[in-house]
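Q: Following is a predicted model, sequence given first.
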Amino acid sequence: MSWDAHELGGRPLFVWSPSDASRAYPTVYVLHAHMRSARWWFNVDPFVPSYPEAIDSLAPQAVVVLADGWTDLGGGQWIGEHATYLRDEVVPFVDGEYPTTGLRGLQGKSSGGYGALVNAMERPDLFQAVAAHAPDALFEVTLAHGFPAAARELRERFDGSLDAFWASFEGLHSPGDALIVELTAAARAFGDGSLPFDHHGRVLPAFESWLERDPVRLAAGHDEAVQSWRGVWLDAGRRDEYFLDLGASALRDALLASGLPGERLHFELVDGGHGGMSHRYPLSLAWLVERLQVA
């Protein structure tokens, strides 16, 4: 495969660029989901091409970048220090090393889709188009649905103590482990690191700081950015286990209410759940590249 491997800021960075370097290209930055890393994209399931292989075959007229956002909790939602790394280190490095036009898109799934949307809202000068597959959104329906299950898991195994969970943590050995890690990572990204529910699973006031970071709510405060975007691809599986199909629908409505022209929005609910969406990535990548061509 025609991928360049770099290390930047102590993190791996992978870049695909068209072979013809005599002209400049738009850039698409791919943000992985929680519990993933940039290297994960190269893992190959039997008989299924990896996304880097699919990009190699597609040969888009764009520079494609696989950035890394791994943390000790599996990821940081691509906000905070991870957004700073993307904006202030990765983008200038790629622009300095590859023939880019200065037009950029963001692509991601789940928490990667969330990061794509929020970074484009906050920095429309850097990122002009977004493809978000089942992005984290509508937190009071999607993230909060896991609170009762997590409260029960902590009660049954750790006497209700999150500290006891982490003291004994040795990896993901059950769905309960994964849920608690996911919620702890969200708590660090959206709040002070404490879980925003009590031992009965009831929502605490601390959840308000999470809701302030919900893209459904953020859209209204970033209407000028939303209106400036060249395009938004938004999709989800109709039976998403985290109810992110409902989040995607609410986000669609919020973006349109914030002034995104309807012709710049590609919205779909497709058959399937949260997994099994990888066949959608080449489709949204091609769509992004078309949107990012110089008018």
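A: Received it, and whenever you're ready, just let me know what you need. Model, not experiment: these values are computed from the prediction.

Q: low pLDDT regions in the stretch 1-150 of the chain?
A: Along the stretch 1-150 of the chain, segments meeting pLDDT under 70 span 1.

Q: So which residues of it form strands?
A: With DSSP state E, counting those that start in this stretch as the criterion, the stretch 1-150 of the chain has strands at 3-8, 11-16, 25-31, 63-67, 100-109, 129-133.

Q: Nearest to residue 275, out of the ones you listed?
A: Counting by Cβ to Cβ, residue 275 lies closest to strand 100-109 out of the strands of the stretch 1-150 of the chain; the figure is 9.9 Å. In short, each C-beta sits where N, CA and C put it, glycine included.

Q: Report the angle between that closest one and strand 63-67.
A: Going by axes from the mean of the first three to the mean of the last three Cα atoms, to 10 degrees, strand 100-109 is angled at 50 degrees with respect to strand 63-67.

Q: residue nearest the centroid of this structure?
A: Note on the chain: the residue nearest the mean C-alpha position is residue 112, at 1.1 Å, using Cα atoms, centre = their mean.

Q: What separation do you get for that residue and residue 262?
A: 25 Å (Cβ to Cβ, to the nearest Å).

Q: for residue 106, same thing?
A: Counting by Cβ to Cβ, the gap from residue 106 to residue 262 is 21 Å.

Q: among the strands of the stretch 1-150 of the chain, which is nearest residue 166?
A: Shortest distance between residue 166 and the strands of the stretch 1-150 of the chain, using Cβ to Cβ, is found for strand 11-16: 23.8 Å.

Q: can you count the residues close to the nearest residue to residue 182 once chain neighbours are set aside?
A: The shortest distance from residue 182 to any non-neighbouring residue, by Cβ to Cβ, 6 or more residues apart in numbering, is to residue 34 (6.2 Å). Neighbour count of residue 34, defined by other Cβ atoms under 10 Å: 25.

Q: got a list of what residue 34 touches?
A: 74-75, 77, 110-111, 182, 185 (Cβ atoms under 8 Å, 6 or more residues apart in numbering).

Q: higher neighbour count, residue 106 and residue 262?
A: residue 106 (30 against 9).
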